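K.L.:
3D, please:
(chains A and B)
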Amino acid sequence: MEQFLQAAVIGISLGAQYALLALGFTLIFGILGVVNFAHGGFYMIGGYVAYSCVGLLGLPYPLAVLIAVAATAALGWVFELFLLERLIDDHLATLMLTLGLYLIVSNGLLRVFGPLSMEFSFPVSGSIQFGPIYVPRENLIVLGICLSAILALWLVLFRTDLGRALRALADDRQVAMAQGMRPKLLFPAAFALATGLAGLTGALVTPILALSPGVGDPVLATSFLTVILGGLGSLGGAALAAFIVGIVEAYSSVYFGGSIGALVLFTLVLLLLVFRPTGLLGREIRGA
Amino acid sequence: MARLPLAPRQRLLAWDEATAIAVAVVCFIIPLLTKSVLVYSVLNHALIGVIAAQSVWIMLRMNLLTFATPAFMALGGYTVAIAGRYEITDAFLMTAAAFLVPALVAVPLGALVLRLRGTYFVLVTFVLSQIMQLLLFQTPDLTGGSNGIAGIPAVTLFGTEMISHRQVLLFACGIALIATLIAVALTRYFRQHFAAIEENEILSESLGLVVWRYKALGFVVAAGLAGLAGYSLVNMLLTAHPSSFDSAIAVDFIAYTIIGGRESILGPIIGSVALVYATHAFGTQGQYAQGLYGVLILVVILVARGGIVGTARLLWRRMRGPRA
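P.N.:
Okay, the predicted model is just below:
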């Protein structure tokens, strides 16, 4: 029973991290129609920026996280505005651009920081006891920040004019443009918002897991898995699927070990893609 | 249906296809001219890249970008590795098996995944190569799991063991030539069909083209070619290991094809040779090549859509002046 609860805690905390990544990923697909292969790259940049601020500049960790978010959002904004924007309606071209960016980012980080893992640890340690289970403090803090970020994102998207404009563009770009929404301003903003979320996740999670130039690959695979499961472009679906993926991963690693859980999830996603491309909560597929 | 008397269509081979075959033939001479280990290594890697990139290129002819190449390479490579356990090493038999096993697997798989287009096809092939990677780890009895299969016996051609560096390279040249011939035959014979699908799939279907038939054929042949690439890779390393078929290597083959140029079969060939050479030239650390690929992909997508071959063709036309 204790093991069962412990796995649930791990699953939920993984789920919250995956949700942040998947929300950004699905936001970019839903609004811009772009599959962002560089998502793992922004996660890594977030991690390395936070590491550099703490390890090299000696800044306090919370400030480092904020700088990481700002840096990844700025990079995303610039990349969208100057490169992606030029080919925004060509699905394969935008996909290749983000892939190229990912290769450059992961290789650049490899050159600057070397192939080894960084010594980057979370500033808070120890754990809190809830009845029979122990929850590491760092996981609780990350969970809290992730849930707050998800709430903030929800407020932005559903309670502000910016969010309404972004959702309008995702629903029907032509009509939204006719109503005065300006993609030239809003697309870079949406991309920056999403990459900022990836940077936030990277800055929060890499001190707990690991920080090396290879950590972006599994992030991309997990983001894919989650957004397809939830339905490409669906925000609620992505959040729900993220927690499903997190919990399945946690339980399968506790009870079966190895990669059985991942295999089951990927096979499920393959079948879902083929037979129900709209995913769990997806809406109509956009013209892809 | 009356056939239009278009002269180019009646040509047996276009200049680029003839050049592609000629390049594959000329490769046989290189192992006879030199014993340089560097040349052997670069050429062998390039030849494997050529086959895999041709597999990617065939799918791109139908406007489908595939990340599944490593999965089919693994099927071909492991087929040979497992046959090696039973002392089956005949070159002809194994070449046929390395082509046919992935091709046969691609038949039912194609029926599933070819329903998807564009972004969704990209995602499903990405998922496929992840699944293959996980399957390799989950089936230790068959594939050796995370250890892979080591000590695969060398291939035998007419009773001779192809064991020396030169023989291994000559064999790789042979596989690359066969793959190039298959790719040229397929895309030449169905040139217009593929062009119609690439241009506008819905329109060509409404004009009576049975699109799924050609897409399925392309997918199956592309899978078979990837299997041959896997065979060549396993034969070079004499080991079949999951890391050789990591889903990340799909990016390399896509880079070879896009950077070389997707509009001609010369693209994947020139792209593979140029990028494999550049990888070696940039230093022994092959990992740094990824950044170079990234920059080149951005350049090709943003300013030189035809890649190396397309840009060269454009410059050639400009130099010859407006009469061309």
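
K.L.:
then A:Gly233 would be within a helix, right?
P.N.:
No. A:Gly233: not assigned to a helix; according to DSSP: H, G, I helix; E, B strand; the rest coil it is coil.

K.L.:
surely it touches A:Ala170?
P.N.:
Yes. Look at A:Gly233 against A:Ala170 with C-beta atoms under 8 Å: they come within range, at 6.7 Å. Bear in mind the C-beta positions are built from the backbone N, C-alpha and C, glycine included.

K.L.:
joint contacts of the two?
P.N.:
Listed as contacting both A:Gly233 and A:Ala170 by C-beta atoms under 8 Å, 6 or more residues apart in numbering or on different chains are A:Gly30.

K.L.:
these two: who's more crowded?
P.N.:
Set A:Gly233 next to A:Ala170 and count neighbours by other C-beta atoms under 10 Å in any protein chain shown: A:Gly233 wins out with 25 against 22.

K.L.:
give me the pLDDT for that one.
P.N.:
Per-residue confidence (pLDDT) for A:Gly233: 78.

K.L.:
how close does it get to A:Leu193?
P.N.:
Noted for A:Gly233: a distance of 15 Å to A:Leu193, by C-beta to C-beta, to the nearest Å.

K.L.:
what residues does the stretch 51-200 of chain A put near chain B?
P.N.:
When proximity is defined by C-beta under 8 Å from any C-beta of the partner chain, the stretch 51-200 of chain A lies next to chain B at A:83, A:86-87, A:91-93, A:95-97, A:99-108, A:110-111, A:115.

K.L.:
PyMOL command to pick out the buried ones of those residues?
P.N.:
Buried members of these, defined by 16 or more other C-beta atoms under 10 Å in any protein chain shown, are picked up in PyMOL with:
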select buried, chain A and resi 83+87+91+92+93+95+96+97+99+100+101+102+103+104+105+106+107+108+110
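
K.L.:
where does the chain have low pLDDT?
P.N.:
Because you didn't say which chain, this covers chain A. Scanning chain A for pLDDT under 70 picks out the ranges A:258, A:277, A:279-288.

K.L.:
wait, I meant chain B there
P.N.:
B:1-10, B:283-287, B:322-324.

K.L.:
ranges for the strands of it?
P.N.:
Applying DSSP state E to chain B gives strands spanning B:149-150, B:156-157, B:160-161, B:239-240.

K.L.:
in JSON lines, list the ones you listed along with distance to A:Gly47.
P.N.:
Listed next are these as JSON lines, based on distance: least, C-beta to C-beta, whole Å:
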{"stretch": "strand B:149-150", "distance to A:Gly47": "36"}
{"stretch": "strand B:156-157", "distance to A:Gly47": "51"}
{"stretch": "strand B:160-161", "distance to A:Gly47": "50"}
{"stretch": "strand B:239-240", "distance to A:Gly47": "34"}
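
K.L.:
so what's residue 133 up against?
P.N.:
Let's take chain A. By C-beta under 8 Å, 6+ apart, the contact set of A:Ile133 is A:2, A:5-6, A:9.

K.L.:
chain B, not that one
P.N.:
If you count contacts by C-beta under 8 Å, 6+ apart, B:Gln133 has them with B:70-71, B:74, B:242, B:245-247.

K.L.:
farthest-separated two in those?
P.N.:
The two members of those with the most space between them (C-beta to C-beta) are B:Ala71 and B:Pro242, at 11.5 Å.

K.L.:
who's more crowded, these two?
P.N.:
Higher neighbour count among B:Ala71 and B:Pro242: B:Ala71, with 29 against 21, using other C-beta under 10 Å.

K.L.:
hmm, the more buried one is touching B:Met132, no?
P.N.:
Yes. B:Ala71 is within contact range of B:Met132, at 3.7 Å (criterion: C-beta under 8 Å).

K.L.:
between the two, what contacts are shared?
P.N.:
Listed as contacting both B:Ala71 and B:Met132 by C-beta under 8 Å, 6+ apart are B:245, B:247.

K.L.:
so which bits of chain B are right by chain A?
P.N.:
Near chain A, when you scan chain B using C-beta under 8 Å from any C-beta, you find B:63, B:65, B:112-113, B:115-120, B:122-124, B:126-128, B:130-131, B:134-135, B:137-138, B:247-248, B:251, B:254-255, B:258, B:287-288, B:290-291, B:293-298, B:301-302.

K.L.:
out of the residues you listed, which end up buried?
P.N.:
The neighbour-count test (16+ other C-beta under 10 Å) marks B:63, B:65, B:113, B:115-120, B:122-124, B:126-128, B:130-131, B:134-135, B:137-138, B:247-248, B:251, B:254-255, B:258, B:290-291, B:293-294, B:296-298, B:301-302 as buried among these.

K.L.:
residues touching residue 239, list them.
P.N.:
In the absence of a named chain, this looks at chain A. Contacts of A:Ala239 were listed using C-beta under 8 Å, 6+ apart, and they are A:19, A:22-23, A:150, A:230.

K.L.:
my question was about chain B, not that one.
P.N.:
Going by C-beta under 8 Å, 6+ apart, B:Thr239 touches B:81, B:148-152.

K.L.:
look at A:Gly202 and give its secondary structure.
P.N.:
A:Gly202 - assigned by three-state DSSP - is helix.

K.L.:
please tell me I have it right and it contacts A:Ala68.
P.N.:
Yes. Between A:Gly202 and A:Ala68 a contact is recorded at 6.8 Å, counting by C-beta under 8 Å.

K.L.:
these two - which one has more neighbours?
P.N.:
More crowded of A:Gly202 and A:Ala68, by other C-beta under 10 Å: A:Gly202, with 33 against 28.

K.L.:
who wins on neighbours among the contacts of B:Thr239?
P.N.:
Going by other C-beta under 10 Å, B:Ala81 tops the contacts of B:Thr239 with 27 neighbours.

K.L.:
burial measure for the closest residue to that one other than its chain neighbours, as a count.
P.N.:
If the residues on either side of it in the chain are set aside, B:Ala81 comes closest to B:Ala240, at 3.7 Å by C-beta to C-beta, 6 or more residues apart in numbering or on different chains. B:Ala240 has 27 neighbours, counted by other C-beta under 10 Å.
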